[in-house]
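In: Sequence and predicted structure are below.
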Amino acid sequence: MTAEDVLREIKGKVRSVIPPSIDISDVEFEGALVVIYTKHPDKFAERDDLVKQLAKMLQKRIVVRPDPSVITDEARAEKEIKKIIPEDAGITNIYFQPDVGEVTIEVMKPGVAIGKQGKYLNDIRKAINWSPKIIRTPPLQSKTVQEIRAYLRMISDERKDFLRKVGRRLHRGVSEGEKFVRVVALGGYRQVGRSCSMLHTQDSKILIDCGVDVSSENNGTPYLHLPE
């Protein structure tokens, strides 16, 4: 069974569980996740049992995201967020991630921003159709963190394409013929540091860990020069 066959089967199961009143625009693999895009994220939020039911049936992690066509533009969304979250929560920054339909809100007091039983999160979700994520403002501002977030926003399309390719490879069928698993030690088996192994099967080669022995002057990195 190919990855496309698996995805087609999952789409059928998803649509058999989701009520007709909730419009499902797409179902995709993104890495190990099954991502459901919907034009009615507010209705999905009201039925949190649906995600649990799907996860149990499919035996996979399920993520629900708003369809790009229904999310509010960033400028208006930011104004709505500032209206909904109490001023004493202390909003310090708001980051939008259009590729996943998520908005990260940095605040001084996360408990106040979330509200009782997630009231403000639900209000934000209904008002702008973005998925809100509340994080605490770090005590010291980090230029590195800001640059990483800016970089992730810049490569959002490439990131999504990469995750979808990985997802299809993870969910493809097992190839026919002889099956084997081989583990090759590339470092860390006779010492502390530079831990590294390669897992090799009939379908894939996966590098597990890639450490460095900082105390070694000449042999600090794993042996990465294998022909394969």
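Out: Nice, I can see it. Please read all numbers here as calculations on a predicted model, not as lab measurements. Numbers count the residues shown, from 1 in each chain.

In: hmm, which helix or strand of the chain has the shakiest average pLDDT?
Out: Here the helix or strand of the chain ranked lowest by mean pLDDT, DSSP states H and E is helix 41-46, holding a mean of 79.

In: In that one, which residues are buried?
Out: Under the neighbour-count criterion of 16 or more other Cβ atoms under 10 Å, helix 41-46 has 41, 43-45 buried. All C-beta atoms are positioned from the backbone trio N, CA, C, and that covers glycine.

In: packing partners for the next helix-or-strand element following that helix?
Out: Using DSSP states H and E, the next helix or strand after helix 41-46 towards the C-terminus is helix 49-58. If contacts are counted by 3 or more Cβ pairs under 8 Å, 6 or more residues apart in numbering; DSSP states H and E, helix 49-58 sits against helix 3-17, strand 33-38, strand 61-66.

In: could you dump the last one to PDB, C-alpha only?
Out: In this case it means strand 61-66. Taking Å, rounded to 0.1, in the frame of the first residue of the first chain, the C-alpha atoms of strand 61-66 are listed here in PDB:
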ATOM      1  CA  ARG A  61      -1.600  12.000  16.500                       C
ATOM      2  CA  ILE A  62      -4.200  14.300  15.100                       C
ATOM      3  CA  VAL A  63      -3.900  18.100  14.700                       C
ATOM      4  CA  VAL A  64      -6.700  20.400  13.600                       C
ATOM      5  CA  ARG A  65      -5.800  23.600  11.800                       C
ATOM      6  CA  PRO A  66      -8.000  26.300  10.200                       C
END
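
In: Where do the helices of this structure begin and end?
Out: Assigned by DSSP state H, the chain shows helices spanning 3-17, 41-46, 49-58, 74-84, 110-114, 119-128, 143-154, 156-170.

In: ok, of those helices, where does mean pLDDT dip lowest?
Out: Looking over these, mean pLDDT reaches its minimum on helix 41-46, with a mean of 79.

In: Let me see the domain layout of this protein.
Out: Residue ranges for the domains of the chain, per automatic domain parsing: 1-70+155-173, 74-137, 177-228.

In: hang on, the earlier thing: JSON lines for the helices of the chain, including distance to residue 218?
Out: Below are these laid out as JSON lines (distance: least, Cβ to Cβ, whole Å):
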{"stretch": "helix 3-17", "distance to residue 218": "44"}
{"stretch": "helix 41-46", "distance to residue 218": "56"}
{"stretch": "helix 49-58", "distance to residue 218": "49"}
{"stretch": "helix 74-84", "distance to residue 218": "51"}
{"stretch": "helix 110-114", "distance to residue 218": "48"}
{"stretch": "helix 119-128", "distance to residue 218": "53"}
{"stretch": "helix 143-154", "distance to residue 218": "30"}
{"stretch": "helix 156-170", "distance to residue 218": "35"}
